[in-house]
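> the sequence and its predicted three-dimensional model are supplied below.
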Amino acid sequence: MNAITHEPRPAVEVRDLTSRYGAFTAVDRVSFTVGHGELFALLGTNGAGKTTTIETAIGLRRNTSGTVRVLGRDPWKHRRELAGTVAVIGQETGFADDLTAAETLKLWTDLHRLPPQRDLLERVDLAHRAAVGVGALSGGERRRLDLALAVATGPTVLFADEPTTGLDPASRRRTWGLLRELTERGTAVVLTTHYLDEAAELADHVAIMDRGRIARFGTVAEITASYEARISMRPNPFDPLALPALTGRTSVDDGRLTVRTTELQADLHRLLDWAAHTNVELADLKAGPATLDEIFAELETEPAHAA
Ligand SMILES: Nc1ncnc2c1ncn2[C@@H]1O[C@H](COP(=O)(O)OP(=O)(O)OP(=O)(O)O)[C@@H](O)[C@H]1O
């Protein structure tokens, strides 16, 4: 139906993308590529530039400099041609607000000459909202309807801006299943999210944006491995001077002891051993890699990027 064919080149190529709002640089020389069947997750603090990047990639915003190619095309110039193969979650669907969710899905499948797919509303937890006008759906429900439309057609590229924000854990997992189904069918997915577990679950590669730049890139495991692991607890009784020798750095905040360490297992062993021998209770003990919040907090303390 459309002239865009699969090419060996990446589905999405962003090179040195810079976007300014007046004098303010919201996206600063960002580069990444996404292959067919790959899921690329963009994470970042609020205002890091994720939405601006996505809006540029779907042709809603013109970049100040750099190049953006989606299926080899400039999305700003070829948005209409790309519309048949590129789907977007999180922007206006373009459907009439007074059509119900069920009517919207039927119109969509009819337009694409697909058989009716009534179970799709159920799969995105919208069966109970089937008769509700699209205009009366919440933001999260609209994103799920967008996802149902995307799953129905199996787009070549899907841009999903925070598809799971506001969903309960069970709905999030169902959404993950549908996104995985799409990548297995070859769809390239660019996802923005505020959740590291979501990126860990789904993404082949992750970029963490901070103040317009990609501050970290890799798999979630690679990124978290580049930060010290954390052990934290509320020792009871607590005498900071009685702690055993540890490899990691300790800090105390409001009775909670935190150890930042590159030797998680060894330091945890030392602490447990010490607690057993000294009859100290390690209340609310947590141990594991740095969380996204901790990574963001550390990024924020890094100096602003050099120009
Ligand atoms: N229309 C605009 N005019 C001026 N500044 C803008 C405009 N839109 C966004 N910005 C600024 O550009 C920066 C990047 O915004 P953007 O929405 O891309 O970030 P984000 O990473 O998607 O944030 P969030 O997670 O909060 O959605 C922010 O500092 C924001 O205030």
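That came in fine, so what should we check first?

> give me every residue in the stretch 51-200 of the chain lying close to the ligand.
51-52 (CB under 6 Å from any ligand atom). For glycine as for every other residue, the C-beta is placed from the backbone atoms N, C-alpha and C.

> just checking, residue 79 touches residue 59?
Yes - applying CB atoms under 8 Å, one finds residue 79 in contact with residue 59, separated by 3.5 Å.

> which of those two has more neighbours?
residue 59 (22 against 15; other CB atoms under 10 Å).

> show the pLDDT at that one.
Model confidence at residue 59, given as pLDDT, is 92.

> report the secondary structure state of it.
Under the three-state scheme (DSSP: H, G, I helix; E, B strand; the rest coil), residue 59 adopts coil.

> quick one: contacts for it?
70, 75-79, 82 (CB atoms under 8 Å, 6 or more residues apart in numbering).

> out of the residues you listed, which is most surrounded?
Ranking those using other CB under 10 Å puts residue 70 first, with 27 neighbours.

> tell me what that one is bridged to.
The partner list for residue 70 in beta bridges (DSSP bridges) reads residue 12, residue 73.

> could you shift the numbering so residue one becomes 54, and keep it that way?
In the new count, where the first residue is 54, that last one comes out as residue 123.

> gap between it and the ligand?
18 Å (CB to the nearest ligand atom, to the nearest Å).

> can you pull the contacts of the residue most central in space within the chain?
The geometric centre of the chain, computed from its C-alpha atoms, lies nearest to residue 246 (CA atoms, centre = their mean), at 2.8 Å. Residues counted as contacts of residue 246 (CB under 8 Å, 6+ apart) are 94-96, 215-218, 252.

> can you say which of these are buried?
In terms of neighbour count (16 or more other CB atoms under 10 Å), the buried residues within the contacts of residue 246 are 94-96, 215-217, 252.

> low-scoring stretches of the stretch 104-253 of the chain, by residue?
Within the stretch 104-253 of the chain, the ranges that satisfy pLDDT under 70 run 144-147.

> in it, which spans are helices?
Counting by DSSP state H, counting those that start in this stretch, residue ranges of the helices within the stretch 104-253 of the chain are 132-135, 154-164, 172-176, 192-206, 222-237, 249-255.

> now, of these, which is deepest in the fold?
Neighbour counts (mean count of other CB atoms under 10 Å) averaged over each of these peak at helix 192-206, with a mean of 22.
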